[in-house]
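Enquirer: Please work out how this folds:
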Amino acid sequence: MPIILFLATAIGGALNAVAGGGSFLTLPALIVAGVSPVSANATSTLALWPASVSSTFAYRGDITTSRRWMTVLGATSLAGGLAGAILLVRTSDSSFLRLLPWLMLVAAVTFTFGQKLRDATAHAGTPGLPVVAVAQFFIAIYGGYFGGGMGIMMLATMALAGMTNIHEMNGLKSFLGVAINAVALGTFILSGAITWKYGLAMAVGATAGAYLTASFARRIDARYVRTVVIAVGWLMTAYFFVKR
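Expert: Coordinates of the predicted model:
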């Protein structure tokens, strides 16, 4: 089973490097392995976080957002991520398992229709920083609690704010995602929610998958990868609806 989890996370890290959606593989794999639902979600965060840090480092030169925006959005991301993580560790396994199909559905819908959401928000009026910060706070709560589809939500908010450079948007999204998951991960560690015997090996797998993919990720047509991720997302969503 550890080898299967390692491979699942390596593929998840590779998917995140190209199109996102790695948690569609890591979370179900942990639950199938017998890890309790809340611990599986927390351990999935640990598994994918190092790879997201490396992605942020790779995009560091593309982030030209003003320090004021980064400071405010970073602070709201930390606050929201902490709130979501605390909410998760206070949720019973049975309650989380009942919520999981719906959370997976939100993630699958967001991932499937994310491009249309971004296009729609790009043509809307440009809100100020306070409105974007409030939106980011609620996205961060969702991210600290579950996180699937969080990146698409952030990109849509950035498009609504008038950002158009996709590399800058991806860089800022990665930075904020690292902040959200860092404070969430700290909460999970302190609360004892991490299954360490799987988490560390999976983190190595995700990082290796992301690193190996990075060298040729730009040559892969992201549409094909997204199609695979969408199919996996809907299959996993259906699985948890049937299983509940």
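
Enquirer: after the helix or strand that contains residue 71, next one along is what?
Expert: Taking DSSP states H and E as the criterion, residue 71 maps to helix 67-89. Toward the C-terminus, helix 67-89 is succeeded by helix 93-112 as the next helix or strand (DSSP H and E).

Enquirer: sorry, back to before: would you mind pulling up the elements that the helix holding residue 71 packs against?
Expert: helix 37-58, helix 129-145, helix 166-191 (3 or more Cβ pairs under 8 Å, 6 or more residues apart in numbering; DSSP states H and E). C-beta here means a position set from N, CA and C on the backbone, and glycine is covered the same way.

Enquirer: which of those has the lowest average pLDDT?
Expert: Across the helices and strands packed on helix 67-89, helix 37-58 has the smallest mean pLDDT, namely a mean of 84.

Enquirer: just how off-centre is that one within its chain?
Expert: Chain-centre distance of helix 37-58: 8 Å, with Cα atoms, centre = their mean, to the nearest Å.

Enquirer: Please point out which parts of it sit buried.
Expert: 37-56 (16 or more other Cβ atoms under 10 Å).

Enquirer: again with stretch 237-244
Expert: So for stretch 237-244, counting by 16+ other Cβ under 10 Å, buried means 237, 240.

Enquirer: what's in contact with that stretch?
Expert: Outside of stretch 237-244, the residues within contact range by Cβ atoms under 8 Å, 6 or more residues apart in numbering are 28, 97, 98, 100, 101, 104, 105, 107, 108.

Enquirer: could you give the angle of the host helix or strand of residue 5 to helix 37-58?
Expert: Using DSSP H and E, residue 5 sits within helix 2-18. For helix 2-18 against helix 37-58, the angle by axes from the mean of the first three to the mean of the last three Cα atoms, to 10 degrees is 40 degrees.

Enquirer: counting contacts, what elements does the very next helix or strand once past helix 2-18 pack onto?
Expert: Note on helix 2-18: by DSSP H and E, the next helix or strand toward the C-terminus is helix 23-32. Helix 23-32 sits against helix 2-18, helix 37-58, helix 93-112, helix 196-214, helix 222-243, with contacts defined as 3+ Cβ pairs under 8 Å, 6+ apart.

Enquirer: Many thanks, we can stop here.
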